[in-house]
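**Student:** starting from these lines, generate the structure:
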Amino acid sequence: MAKSKSKKIHVFKRFKKKKKKEKVETEMETQLQQPLKTVEDLHQEVDEVAQAMHQNLVKIRDREGKLETLMDKGERLEEGANQFAVMTSKARRKMWLREHRRNMILIGVVIFFLLIILITVIIIILWKTGVIFVE
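**Tutor:** Down below sits the predicted model:
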């Protein structure tokens, strides 16, 4: 069974090669059948190619201009984004201080009273031990 498959594939490959040869031959025949181009036809083709190249160059210049404007816009957007980031961080800090100002004042008052109590306790202890004499 394996031999019959290989024969079929081999026959199919031969058929493909024949088709390729026929295709190449028909292309060559059509080229030979076409009349030779005149100088005027060649000039016309050259003019068409030159015009196409000119149009391509114009399109390239237009793209360059558009790219430059896009680059400028991108730089401006980046600068705006940086300024926005700075402003938002400042606003966030300001809002945090606004929200926590009362808590910070209360903590400061508590610490102040604790220091007064601590100093008073130290003075009382030193007076009872006899280190400080009050007259």
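**Student:** need the helices for the protein, in chain order.
**Tutor:** 2-33, 39-129 (DSSP state H).
**Student:** confidence-wise, which of the ones you listed is weakest overall?
**Tutor:** Per-stretch averages of pLDDT across these put helix 2-33 at the bottom, with a mean of 60.
**Student:** just send the helices of the chain back as TSV, with mean neighbour count too.
**Tutor:** No exception for glycine: its C-beta is placed from N, CA and C like everyone else's. Conversion of these to TSV gives the following (neighbours: other C-beta atoms under 10 Å):
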stretch	mean neighbour count
helix 2-33	9
helix 39-129	10
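**Student:** what's I123 in contact with, if anything?
**Tutor:** Going by C-beta atoms under 8 Å, 6 or more residues apart in numbering, I123 touches I132.
**Student:** from A50, how far off is it?
**Tutor:** As judged by C-beta to C-beta, to the nearest Å, I123 and A50 stand 104 Å apart.
**Student:** cool, R61 as well?
**Tutor:** In this view, R61 and A50 are 17 Å apart by C-beta to C-beta.
**Student:** dead centre of this protein: give me the residue that sits there.
**Tutor:** G74 (11.5 Å; C-alpha atoms, centre = their mean).
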